[in-house]
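> below are the sequence and a predicted model; questions follow.
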Amino acid sequence: MELHDLYNEWLEKADGDPDLKEELLSIAGNEDEILDRFYRSLEFGTAGLRGVIGAGTNRMNIYTVGRATQGLADFLNKHYDKPSIAIGYDSRIKSEYFSREAASILAANGIKVYIYEELEPTPCLSFAIRYFHTASGIILTASHNPAKYNGYKCYNPHGYQMTDEEAAETYRFIQQVDYFTGIKKTDFEEAVAQGMIEFIGDEVINAFLDEVQKQCIHPEITAAADLKVIYTPLNGTGNKPVRAILDRIGIKQVYVVPEQEKPDGNFPTCPFPNPEIKQVFEIGLAMNQKIGADILLATDPDCDRVGIAVPDSAGELVLMSGNEVGAMLLNYILSERQAMGTLPASAIAVKSFVSTDLAEVIAKKYHCTFKNLLTGFKYIGELITNLEAEGRADDFVMGFEESYGYLAGTHARDKDAVVASMLICEMAAFYKTKGMNLVDVMNSLYDEFGYYANMVQSYTFEGAAGMEKMAGIMDGLRADAPAAIAGKKVTAVSDYKTSKTVYADGTEKAIELPKSNVLAYALEGGNKVIVRPSGTEPKIKAYITAIGDSKAAAKALADTLIAAADTFMQ
């Protein structure tokens, strides 16, 4: 169908949400705006749907959500006898609205729905899938994206996001659904009365918190340390569960940033609600001038990521990276569980392959098996599920990604900022009793293992032209691989799309991981540059690893590697 035919069809038929009609009328005659909304349909992949909220096939609205849900229902009814599903949502604009729309469609297709009564963190959705033994799960969230975005993530029965194969088959069903005539739907309240939609109550949340609390290593430490915490949920889902778990482990001095406490999908004080960005801490940092906290915590809107700021010995607040927190948590868990005699003999830790190699060196010290997996926490969830099938779930110690996502325990199969917040605070309390802050702890790890400078550079390519540009960049790198980057010899090129590593001497080795559109350049001295298009945003990311004998040396090398990566993106 031609763009203008699509536009006119939506103008005529998209009357389920008055906001859509108003938006479509406002862009009449504007070719660029019409193109951006209709040049493609939002693709359904392993991250589900994600896009700008608004009218059109390339937007998040009740019709794109409805079409995806009908396709998912068809997929589930093909593969399961009497399937059920769990649904959660965050604080984003229209998240609750979309979740109820999805529930009504699933119920109309004979699928029993368990839906949270209020917004809850993403890991609570993963937990609910396993708690109710459902065939699938949906959460309405766009994680840490700006306010104009929303998203729709789908999970499998194991509690992690759909595999590539599951998502591809679901997408084939979705593509067969007409936006306006192909969707079955029932009244939400009627479905509740009939028992086809059931609200998830406090007993499930309490069961989740019980499992999180089991990950405490030194439950007596936090109260004894008299830890002061400033916490911001960034107007998202973390406010209740994070405060509840900190209270459970004896942390009574928790000061919540008032401007960022209540759910608000407009994120008025932090337009980019991402704990990787310093700006989200600014109000908390100002509060800290009076409070003098030991640690500042920020969880993203769906509470699956957490960032921290801590005072150094001079009292200056330092924002710590996801790689640093991951390395510290791994070292804390391994060292203390070994000291207590609770570390399994066949312990396993895991990270995404773009995260710091320092973690692997730490794991080796404690004779802990270490695995590197593709980016995407579903791969860590899959590893836990496989261990569980072998009767080895307790061997899983921890998994993390450099993008501030961590998981200890097997209660969820996705990253969990509730358990991470608890363990980070416990770790801070433990070292406080020894006269150390977390900056001291990180520096001690660098002193022992060498300085690892890990940096991520993002390059944004918006719209239809941007998608084409991204594809061209990756094709160009494949066609003409660099022999050196920033003066460092390339010792191997790993192409995860072809599942092959080619070494400088011409020898090759198969990559035994799922195919992915990623190029990794191993450089002399253990340094690395990895180039990867984002699966959820119009971005290409360059992940830099620079190793040095000092902070200054590693940072200088990292800067030169980033400058070289900049030239790839032109």
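Good, I have the coordinates.
> so where's the stretch 251-400 of the chain shaky on pLDDT?
Judged against pLDDT under 70, the stretch 251-400 of the chain has no low-scoring part.
> again, 90 this time
313-316, 375-376 (pLDDT under 90).
> that one: helices as residue ranges?
Using DSSP state H, counting those that start in this stretch, the helices of the stretch 251-400 of the chain run over 282-291, 322-340, 358-365, 377-389.
> contact partners for Ala309?
By CB atoms under 8 Å, 6 or more residues apart in numbering, the contact list for Ala309 reads 281, 284-285, 295-296, 317-320. C-beta coordinates here come from the backbone N, C-alpha and C atoms, glycine included.
> go again using 6 Å as the cut-off
By CB atoms under 6 Å, 6 or more residues apart in numbering, the residues touching Ala309 are 281, 296, 317, 319.
> so which of the helices of the stretch 251-400 of the chain comes closest to Tyr503?
Closest approach to Tyr503 among the helices of the stretch 251-400 of the chain (CB to CB): helix 358-365, 20.1 Å.
> in JSON lines, list the contacts of Ala309 along with neighbour count and distance to Ala207.
Listed next are the contacts of Ala309 as JSON lines, based on neighbours: other CB atoms under 10 Å; distance: CB to CB, whole Å:
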{"residue": "Phe281", "neighbour count": "25", "distance to Ala207": "32"}
{"residue": "Leu296", "neighbour count": "25", "distance to Ala207": "29"}
{"residue": "Leu317", "neighbour count": "18", "distance to Ala207": "36"}
{"residue": "Leu319", "neighbour count": "18", "distance to Ala207": "34"}
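> among those, which two are most distant?
Greatest spacing in the contacts of Ala309, by CB to CB: Leu296 and Leu319 (8.8 Å).
> and the helix or strand hosting Ala552, what other elements does it pack with?
Element membership of Ala552, judged by DSSP states H and E, is helix 551-568. Other helices and strands packing on helix 551-568, by 3 or more CB pairs under 6 Å, 6 or more residues apart in numbering; DSSP states H and E, are strand 451-460, strand 539-548.
> okay but Ala464 is in contact with Phe38, surely?
No - in this structure, Ala464 is not within contact of Phe38 by CB atoms under 6 Å, at 10.4 Å.
> and the two? which has more neighbours close in?
Using other CB atoms under 10 Å as the criterion, Ala464 and Phe38 rank with Phe38 on top: 22 against 12.
> contacting residues for the more buried one?
Residues in contact with Phe38, defined by CB under 6 Å, 6+ apart, are 3, 6, 56-57.
> next: Phe281.
By CB under 6 Å, 6+ apart, the contact set of Phe281 is Ala309.
> now do Phe430
218, 221.
> now do the same for it: its pLDDT.
Confidence at Phe430, expressed as pLDDT, is 97.
> hey, where'd the strands end up in the stretch 351-500 of the chain?
Here the stretch 351-500 of the chain has its strands, by DSSP state E, counting those that start in this stretch, at 369-373, 396-401, 405-407, 451-460, 484-485, 488-495, 500-503.
> in JSON lines: the ones you listed, plus mean neighbour count.
Shown next, in JSON lines, are these (neighbours: other CB atoms under 10 Å):
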{"stretch": "strand 369-373", "mean neighbour count": "16"}
{"stretch": "strand 396-401", "mean neighbour count": "25"}
{"stretch": "strand 405-407", "mean neighbour count": "26"}
{"stretch": "strand 451-460", "mean neighbour count": "19"}
{"stretch": "strand 484-485", "mean neighbour count": "16"}
{"stretch": "strand 488-495", "mean neighbour count": "18"}
{"stretch": "strand 500-503", "mean neighbour count": "15"}
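> possible to save the ones you listed as JSON lines with distance to Cys425?
Below are the strands of the stretch 351-500 of the chain laid out as JSON lines (distance: least, CB to CB, whole Å):
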{"stretch": "strand 369-373", "distance to Cys425": "25"}
{"stretch": "strand 396-401", "distance to Cys425": "16"}
{"stretch": "strand 405-407", "distance to Cys425": "13"}
{"stretch": "strand 451-460", "distance to Cys425": "24"}
{"stretch": "strand 484-485", "distance to Cys425": "39"}
{"stretch": "strand 488-495", "distance to Cys425": "37"}
{"stretch": "strand 500-503", "distance to Cys425": "40"}
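> out of these, nearest to Lys184?
When the strands of the stretch 351-500 of the chain are compared by CB to CB, strand 405-407 sits nearest Lys184, at 35.5 Å.
> and that closest one, average pLDDT?
Taken as a whole, strand 405-407 carries a mean pLDDT of 98.
> could you do stretch 41-59 as well?
Averaged over stretch 41-59, pLDDT sits at 92.
> other residues contacting it?
Defining contact as CB under 6 Å, 6+ apart, one finds that stretch 41-59 is touched by 20, 23-24, 37-38, 40, 60, 64, 68, 93, 142, 148-154, 161-162, 164, 167, 171, 174, 535-536.
> cool, stretch 138-147 as well?
Contacts for stretch 138-147 (CB under 6 Å, 6+ apart): 50, 87-90, 92, 95, 98-99, 102, 122, 125, 149-154, 265-267, 271-274, 300, 302.
> that stretch: end-to-end distance?
This stretch, stretch 138-147, spans 20 Å end to end (CA to CA, to the nearest Å).
> distance from it to the middle of the chain?
Mean-position distance between stretch 138-147 and its chain equals 10 Å (CA atoms, centre = their mean, to the nearest Å).
> ditto for stretch 51-69
For stretch 51-69, the distance to the chain centre is 21 Å (CA atoms, centre = their mean).
> return the set of buried residues in it.
51-69 (16 or more other CB atoms under 10 Å).
> just those residues: which are in strands?
51-52 (DSSP state E).
> alpha carbons of stretch 11-25, as CSV, please.
Output in CSV follows, covering the C-alpha atoms of stretch 11-25 (Å, rounded to 0.1, in the frame of the first residue of the first chain):
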residue,chain,number,x,y,z
LEU,A,11,-7.0,8.8,9.3
GLU,A,12,-10.3,7.0,8.6
LYS,A,13,-10.0,4.0,10.9
ALA,A,14,-7.7,4.9,13.8
ASP,A,15,-10.5,6.1,16.1
GLY,A,16,-9.7,3.9,19.1
ASP,A,17,-7.5,6.6,20.6
PRO,A,18,-8.4,10.3,20.0
ASP,A,19,-4.8,11.3,20.3
LEU,A,20,-4.0,9.4,17.1
LYS,A,21,-6.6,11.2,15.0
GLU,A,22,-5.5,14.6,16.3
GLU,A,23,-1.9,13.8,15.4
LEU,A,24,-2.7,12.6,11.9
LEU,A,25,-4.7,15.7,11.1
